[in-house]
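**Student:** With the sequence up front, the predicted model follows.
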Amino acid sequence: MAVIADVIIIGAGVAGLSTAYNLAAKNPNLKIVLLEKEKFHGAGSTAQCTGGIRHQFAHPLNIVLSKISYPFFQRFTANMEYPVYFRKRGYLFVTSDSAKFASLLEMKTTMDRLEVPSEIVAPGEIAERYPFVQTEDLTGGSYCRLDAYADPYGVMEGYYRQCHRLGVKVICNTEVNSLIIQNGRIEGVRANGFETWAPVVVNAAGPHLHLVARLAGIDLPAAPFRRQVHVCTPMRQIPSNIPLIVDLDTGFYLHAERNGILLLGGTDRQTSPGLDPVVDRSGLFAFIEAATQRIPVLEDAEITGMYTGVRSLTPDGLGILGETEVQGFYCIGGFGGNGFMHAPAVGLIAACLILGIDPPVDPAPLSPQRFSDARQEETVVF
């Protein structure tokens, strides 16, 4: 069986769905086929993310991607006709390290230039605002009141329903086995015993990004790493309206859901490579030590569950977005856990590139071919 399409997108997570939505919205006549290896759309990395949306990055392009995406999240419920519970909570980064604090000062200068409000916060002020945070060793922190949260499931489902309305065909439980390439350009894909032909194929396979790229003979330095989240019951000492708090020294973060449930993690940035989302308890002691060192009341926290997501990391901490050396074959991914928050911008930019329209920002720093050059890295990571 063969299917003819204009665009094939591999991966029905939020990045693939955003790309499909933007393509269909800009050109309703396109025949777009979206292939997903899992049984349901959004069942991969999108399903496991915590939904944070931040502006605080060291690299100016990441800040711009947030600026493009942010208004879309604000209007998502009305425009996409699906609730996402968008709410501004802010992000607070703290550190006791003088070099990391200097990076926060540089970040604020960049954010000021890009007209994004942020503030450098002294340890005493952090203690006054958030008395549950241990601040005696801190050099300071950075806070942005615009940083926010949205429900990942709602965002994914809103995109999916609009894609369906616009005629995008989503086929799940279908894994791409090979790419059809002739004379240096993409012609289609083979999946589950059938062929789909199209002059444009988009690899939005999340943590499998590098594996799909290899089918085209392309070696992308985007490696999958597992990240564990610890789920805790609400604590009266920790209000549910706090910002997402990140200790840059250990990577530990604390995120409060709207019902007060606490999500904790972040100490395993590059310690658990692999695609299997299994729970690994070997790092539990180091996690507890980092958590209670910064938030002492967590010694009394009740952990009710743990789950694992997988994210794709690149050497410079930036995502991958653009056409590869195989004509018509695009790669989107490797955003290191920021793919959800940047999905509106990434899908828009990808659609513009595919349709030959000038994108809202030059995505050259995200080029799949960039890794042979020395470029600015993203340093505010956790």
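**Tutor:** Arrived safely, thanks for sending.
**Student:** Quick one: residues in contact with the helix or strand containing Glu289.
**Tutor:** Glu289 is part of helix 284-294, with elements assigned from DSSP states H and E. The set of residues external to helix 284-294 that reach it, using Cβ atoms under 8 Å, 6 or more residues apart in numbering, is 94, 133-134, 228, 230, 245, 247, 250-252, 254, 264-265, 267-268, 298-299, 301. For the C-beta atoms, the positions are set from N, CA and C on the backbone; glycine is no exception.
**Student:** May I see the ChimeraX selection of the buried members of those residues?
**Tutor:** Buried residues among the contacts of helix 284-294 (16 or more other Cβ atoms under 10 Å), as a ChimeraX selection:
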select :94,133,134,228,230,245,247,250,251,252,254,264,265,267,268,298,301
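**Student:** Name the residues of the helix holding Glu289 that are buried.
**Tutor:** The neighbour-count criterion (16+ other Cβ under 10 Å) identifies Phe287, Ile288, Ala290, Ala291, Thr292, Arg294 as the buried residues of helix 284-294.
**Student:** Next: stretch 144-155.
**Tutor:** By neighbour count, with 16+ other Cβ under 10 Å as the criterion, the buried positions of stretch 144-155 are Cys144, Leu146, Asp147, Ala148, Tyr149, Ala150, Asp151, Pro152, Gly154, Val155.
**Student:** and that stretch, how far apart are its ends?
**Tutor:** When the termini of stretch 144-155 are compared using Cα to Cα, to the nearest Å, they are 23 Å apart.
**Student:** Make 51 the starting number, not 1.
**Tutor:** Fine by me, first position is 51 from now on; the one you just mentioned is stretch 194-205.
**Student:** what does it contact?
**Tutor:** For stretch 194-205, with Cβ under 8 Å, 6+ apart as the criterion, the contacting residues are 64, 92, 96-97, 99-106, 120, 123, 126-127, 132-141, 161, 166-169, 293-294, 305, 390, 393.
**Student:** hmm, back to that, any chance of the buried residues of helix 334-344 in a markdown table, plus distance to Cys213 and pLDDT?
**Tutor:** Rendered in a markdown table, the data for the buried residues of helix 334-344 read as follows (distance: Cβ to Cβ, whole Å; pLDDT from 0 to 100):
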| residue | distance to Cys213 | pLDDT |
| --- | --- | --- |
| Phe337 | 38 | 92 |
| Ile338 | 42 | 93 |
| Ala340 | 40 | 96 |
| Ala341 | 39 | 96 |
| Thr342 | 44 | 97 |
| Arg344 | 41 | 98 |
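**Student:** Show me how far the helix holding Glu339 is from its chain's centre.
**Tutor:** 25 Å (Cα atoms, centre = their mean, to the nearest Å).
**Student:** before we move on, what about stretch 224-240?
**Tutor:** The gap between where stretch 224-240 is centred and where its chain is centred comes out at 26 Å by Cα atoms, centre = their mean.
**Student:** I figured Pro323 hits Pro274, correct?
**Tutor:** Yes. With the criterion set as Cβ atoms under 8 Å, Pro323 and Pro274 qualify as a contacting pair; they are 6.8 Å apart.
**Student:** Among these two, which residue is more densely surrounded?
**Tutor:** When Pro323 and Pro274 are compared on other Cβ atoms under 10 Å, the one with more neighbours turns out to be Pro274, at 22 against 11.
**Student:** now, which of the buried residues of stretch 194-205 lie within helices?
**Tutor:** For the buried residues of stretch 194-205, membership in helices holds for Pro202, Gly204, Val205, with DSSP state H as the criterion.
**Student:** In space, what's closest to the second one - neighbours in sequence excluded?
**Tutor:** For Gly204, the nearest residue in space outside its immediate sequence neighbours is Val134; the separation is 3.8 Å by Cβ to Cβ, 6 or more residues apart in numbering.
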